[in-house]
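J.: The sequence isn't on hand, but the structure is:
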């Protein structure tokens, strides 16, 4: 028996044990449905709702890409930039 | 019965209304505006549910504007809003103000993949085919990766960014310190595996070795070739884990 | 008094209420969910659907079937709906008198909303073909709901009720009468007395064709503004009197409260359904 075949046989043996004992086959139900089950279609039967929603709040100007400042992405971007700069400076030393 | 002409004419009348809704550039009367708002708000809401971390990153208004762009260029076609919006990552890349923050494209890509994996129904492995490992020469045995899993590679600490945001909706504030540490620790490319467990999509990091192992499996290399190429890989451990997490569907035998 | 269980009431189940609705007990008889939310092959929604079915009778309410689409109903969509129906064996199955499938920029699109039909013989023929095909495929009777609408197609040669009654005759489908939509449409058509309009509308519908009622409330607006059916309020007083009238006319029918925006607490929502039940009982008692 060559080395590869020994590895494969060992893998098969462990696999069989896994199948016999692995809990995946009796999957526990997660009672926390969370946002995953929020339902993208829950506004579909509502023509023109305000709050499936808040049309009036939206600034439609297509040039308004400054809008991104409303989220957290600038602070992430800042962190990544600062880190890159630090690494660059270290590499220059 | 309808004549072809009557049917065509009715189709055209319906089409005209749809054109007036999707192309939001032309002015519209009040009644039509109700439908336009509804379409945009449905789209924006669906997009935010599918991409919750993106929504935290760029805010709801930006998501609404992206939704409007997607509606125009990639309108829905399935009747299920959850299947719409897969082009968000591409759109982010093509949008000047967002493109410079390269991690945004990767977050969008990750969220779409998570969404897909979370909707899949992964099959358990076909156990009988495992016997190939002893009954067939290993240079003729191939492993088949489950279509219900995905891998993503990124230049950014993608997992840390995603984890820092996923609970933000519950009014916690962003963990700046933890994130900064992850950014500082991050070296080069990161690889993630996305799979489903207990009906929910999960993320876990892949080492460069394990990632290459997956790539080689998916290129169709035999078990013999895989073991030759990756002597450091603990095959038994990997196989056992792949079965437990339904990462593979079966082994197959091949003739030359 | 024989308080026979002829009152069947339910609510639209939305995700903020999942935990409450599925972990406790509730007096309501059925819940309605939007069919497309359960189109995924697996994952958490498949688990959720099983949980819902173990607690309540299930009404599957489609939002996207587009039964009035002159393009026809999308085959892939219909296939998935069939799969869902087989998997969940719903007690009631419904969608709307609306169109959704069309073309935009040289591609097939789904309009993502309930778009209004023209009330003409041509449109009715198309709708009857589609309803026939869907019922044949699903092997089940469907209920078709009247929608609220904010624009009208000009060549209206039929009234809405003529259109729906004729559809029922041709296809043996049932009707899901949304009472609030009647009031909303009456307001937006400039009726001085929306309640009278809605009652007259109901009198034109054969009672036996009505398979379910929907009740909802909309955010009030001044008479001159468009009233939007936003399902964001409790049922209004005129909504309740219309429901009483409808129940007197048609007899008890499964009745559902729809509430989608600015959701109340679960007990408040259930209370709305119980109010509907009380009205059904009152009507029943008075009739005997």
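T.: Now that the structure is in, tell me what you want to look at. These numbers come from a predicted model, not from an experiment. Residues are numbered from 1 along each chain as shown, chains lettered A, B, ... in the order given.
J.: Say whether chain C is contacted by stretch B:2-22.
T.: Yes - applying Cβ under 8 Å from any Cβ of the partner chain, one finds stretch B:2-22 touching chain C at B:2, B:6-7, B:9-11, B:13-15, B:17-19, B:21-22. In short, each C-beta sits where N, CA and C put it, glycine included.
J.: Provide the contact partners of that stretch at residue level.
T.: Stretch B:2-22 is contacted by residues B:26, B:28, B:32, B:35-36, B:39, B:71-72, B:75, C:69-71, C:99, C:102-105, C:109, C:111, C:113, C:115, C:118, C:122-123, C:125-126, C:151, C:153 when judged by Cβ atoms under 8 Å, 6 or more residues apart in numbering or on different chains.
J.: ok, and which of the residues you listed reach chain A?
T.: Residues of the contacts of stretch B:2-22 in contact with chain A (Cβ under 8 Å from any Cβ): B:35, C:113.
J.: which residues in the stretch 151-256 of chain B form strands?
T.: Remark: strands assigned in the stretch 151-256 of chain B by DSSP state E, counting those that start in this stretch are B:190-197, B:200-206, B:248-253.
J.: who in the stretch 101-250 of chain C is up against chain A?
T.: C:112-114, C:147-150, C:219, C:226, C:228-232.
J.: Farthest-apart pair in the residues you listed, please.
T.: Largest separation among those by Cβ to Cβ: C:112 and C:219, giving 21.9 Å.
J.: Who are the contact partners of the nearest residue to residue B:121 once chain neighbours are set aside?
T.: Counting by Cβ to Cβ, 6 or more residues apart in numbering or on different chains, residue B:121 lies nearest to residue C:42, which is 2.9 Å off, once chain neighbours are set aside. Residue C:42 is in contact with B:119-122, B:148, B:196, B:199, counting by Cβ under 8 Å, 6+ apart.
J.: Which of the residues you listed fall within helices?
T.: residue B:119 (DSSP state H).
J.: between residue C:112 and residue C:219, which one's more packed in?
T.: residue C:112 (29 against 16; other Cβ atoms under 10 Å in any protein chain shown).
J.: The more buried one contacts residue B:43, doesn't it?
T.: Yes - Residue C:112 lies in contact with residue B:43 (Cβ atoms under 8 Å); the separation is 6.7 Å.
J.: Give the residues shared as contacts by those two.
T.: With Cβ under 8 Å, 6+ apart, residue C:112 and residue B:43 have common neighbours B:76, B:81, B:84.
J.: which of those are close to chain C?
T.: Applying Cβ under 8 Å from any Cβ to the shared contacts of residue C:112 and residue B:43, those adjacent to chain C are B:76, B:81, B:84.
J.: just the buried members of the contacts of stretch B:2-22?
T.: For those, a neighbour count by 16 or more other Cβ atoms under 10 Å in any protein chain shown gives the buried set as B:28, B:32, B:35-36, B:39, B:71, B:75, C:69-71, C:99, C:102-104, C:109, C:111, C:113, C:115, C:118, C:122-123, C:125-126, C:151, C:153.
J.: low-scoring stretches of the chain, by residue?
T.: This is for chain A. Along chain A, segments meeting pLDDT under 70 span A:1, A:22-36, A:44-70.
J.: ah, no, chain B please
T.: Counting by pLDDT under 70, the ranges of chain B that qualify are B:167-173, B:256.
J.: Kindly report the same for chain C.
T.: C:1-5, C:155.
J.: what about the helices in it?
T.: For chain C, applying DSSP H gives helices covering C:18-23, C:44-55, C:75-88, C:121-138, C:160-171, C:179-188, C:194-203, C:237-250, C:266-287.
J.: what do you get for chain A?
T.: Under DSSP H, chain A gives helices at A:3-21, A:73-92.
J.: Could you list the buried residues of the last one?
T.: Same thing as helix A:73-92. A:73, A:76-77, A:79-80, A:83.
J.: and if you look at the shortest one?
T.: By neighbour count on 16+ other Cβ under 10 Å, the buried set for helix A:3-21 is A:4-5, A:7-8, A:10-12, A:14-15, A:18-19.
J.: Also near chain B: which of the residues you listed, exactly?
T.: Checking the buried residues of helix A:3-21 against chain B (Cβ under 8 Å from any Cβ), the matches are A:4-5, A:7-8, A:10-12, A:14-15, A:18-19.
J.: Now the two most distant members of these.
T.: Greatest spatial distance among these (Cβ to Cβ): A:4 and A:19, at 22.3 Å.
J.: Who are the contact partners of residue C:215?
T.: So residue C:215 contacts C:179-180, C:235, C:239, C:243, C:255-258, C:272, C:276 (Cβ under 8 Å, 6+ apart).
J.: Any figure for the gap between residue C:22 and residue C:15?
T.: Distance from residue C:22 to residue C:15, counting by Cβ to Cβ, to the nearest Å: 11 Å.
J.: now do residue C:167
T.: 33 Å.
J.: Next: residue B:84.
T.: Plainly put, residue B:84 is 19 Å away from residue C:15 if you go by Cβ to Cβ.
J.: Could you report the distance from the residue in the stretch 51-200 of chain C positioned nearest to chain A to residue B:197?
T.: Among the residues of the stretch 51-200 of chain C, residue C:63 lies closest to chain A, at 3.2 Å counting by Cβ to the nearest Cβ. Distance from residue C:63 to residue B:197, counting by Cβ to Cβ: 31 Å.
J.: who has more neighbours, the two?
T.: Counted by other Cβ under 10 Å, residue C:63 and residue B:197 do not tie: residue C:63 has more neighbours, with 26 against 16.
J.: Just to check, the more buried one is in contact with residue B:42?
T.: No - using Cβ under 8 Å, residue C:63 is not in contact with residue B:42, being 9.8 Å away.
J.: ok, residue B:125 - contacts?
T.: Here residue B:125 is in contact with A:19, B:242-243, B:246, B:248-250 (Cβ under 8 Å, 6+ apart).
J.: and the two most separated of those?
T.: Using Cβ to Cβ, the two most remote members of the contacts of residue B:125 are A:19 and B:249, lying 14.1 Å apart.
J.: Find the residue closest to residue A:79 in space, skipping its chain neighbours.
T.: residue B:183 (5.0 Å).
J.: and if you look at residue C:236?
T.: residue C:217 (5.3 Å).
J.: how close does that neighbour sit to residue C:239?
T.: 6 Å.
J.: so what's in contact with the two at the same time?
T.: In contact with both residue C:217 and residue C:239: residue C:180, using Cβ under 8 Å, 6+ apart.
J.: any idea how far residue A:83 is from the residue nearest to residue C:76 when sequence neighbours are not counted?
T.: In this structure, residue C:76 finds its nearest non-sequential neighbour in residue B:78, 7.0 Å apart by Cβ to Cβ, 6+ apart. Per Cβ to Cβ, residue B:78 is found 41 Å from residue A:83.
J.: In contact with the nearest residue to residue C:251 once chain neighbours are set aside, which residues are there?
T.: The shortest distance from residue C:251 to any residue other than its chain neighbours is 6.6 Å, reached at residue C:207 (Cβ to Cβ, 6+ apart). By Cβ under 8 Å, 6+ apart, residue C:207 lies in contact with C:249-251.
J.: Where does the stretch 1-150 of chain C get nearest to chain B, which residue?
T.: In the stretch 1-150 of chain C, no residue comes nearer to chain B than residue C:42, which is 2.9 Å away by Cβ to the nearest Cβ.
J.: can you give me phi and psi for that residue?
T.: phi -140, psi -160 (degrees, to the nearest 10).
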